[in-house]
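**Q** quick one, structure for this:
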Amino acid sequence: MTANDIENELTNRSSKNLRIADDLAEIVVWLCNQGYTVPNDRTVKTATITKRCPEAKYQRLERLVELGMVNKVDKGPRSYIIHERRDEIVNGEDLTALIDEEIRRLCDHIDKDPNIEWVVSVELMDPDPKSALRSGSLWERQENLRRAIRAIENESRVSKGNYGVIKVRNSSNEYQATHRAVVLKQK
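**A** Alright, predicted model coming up:
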């Protein structure tokens, strides 16, 4: 059995005409050929498969999951909170407290260095950068902190102090061909 059998199965499983069945079949064949299958208990991250398999796109992978030809495997939490200054993942810690602490550290630096105040004022387009950093929703404060720190890092006339960005990153989806896909591939 080859990609044609997989393509036929995909078309049969779909409730609508699949004009991209051949591309979907190529993704399944690629997963099987690389050993990313249920029997092998191996998975591949979205970024890897989309780089190495030209037909693979996130929407197509999700369509294959809907059709039961590919499993999406959750490994770990859905998102990660990354503390740049501490250089560690801080899931489970109070995000508000983490962001407010970094803003406090940056505001202390602003108090000590008028050049830092100028850089942050220009970036945030606010004559009172400390107030701008401390106001708004949690996500607005996080974004203002990020913008202010990146502006400081990009300005050669100033040096960054002991503070860092708090980033929230989604975990990468991982995929593998289902047992049914493997059977069809081996037919």
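**Q** for the protein, just list every one of the strands.
**A** Counting by DSSP state E, the chain has these strands, from start to end: 44-45, 70-73, 79-83, 88-89, 166-170, 174-177.
**Q** and the ones you listed, which is most packed in?
**A** Greatest average neighbour count among those goes to strand 174-177 (a mean of 24), per mean count of other CB atoms under 10 Å. In short, each C-beta sits where N, CA and C put it, glycine included.
**Q** which elements pack onto it?
**A** Packing partners of strand 174-177 (3 or more CB pairs under 8 Å, 6 or more residues apart in numbering; DSSP states H and E): helix 21-34, strand 44-45, helix 46-52, helix 58-66, strand 70-73.
**Q** can you tell me what sits against the fourth one?
**A** Helix 58-66 is contacted from outside by 10, 20, 23-24, 27-28, 46, 49-50, 70-72, 173, 175, using CB atoms under 8 Å, 6 or more residues apart in numbering.
**Q** show me which of these is closest to Ile89.
**A** Nearest to Ile89 out of these is Asn173 (CB to CB; 18.2 Å).
**Q** hang on, that closest one packs against Thr43?
**A** No: assessed by CB atoms under 8 Å, Asn173 is found out of contact with Thr43, at 9.1 Å.
**Q** list residues touching both of these two?
**A** Common contacts of Asn173 and Thr43 (CB under 8 Å, 6+ apart): Val73.
**Q** tell me the mean pLDDT for stretch 80-100?
**A** Mean pLDDT, stretch 80-100: 96.
**Q** buried sites along it?
**A** 81-83, 85, 95, 98-100 (16 or more other CB atoms under 10 Å).
**Q** widest-spaced pair of those residues?
**A** Ile82 and Asp100 (16.8 Å).
**Q** would you map out the domains in the protein?
**A** Residue ranges for the domains of the chain, per automatic domain parsing: 3-75+172-186, 79-170.
**Q** worst mean pLDDT among these?
**A** Confidence, taken as mean pLDDT, is least for domain 3-75+172-186 of the domains of the chain (a mean of 86).
**Q** pretty sure Gly68 is touching His179, no?
**A** No: between Gly68 and His179 there is no contact under CB under 8 Å: 10.0 Å.
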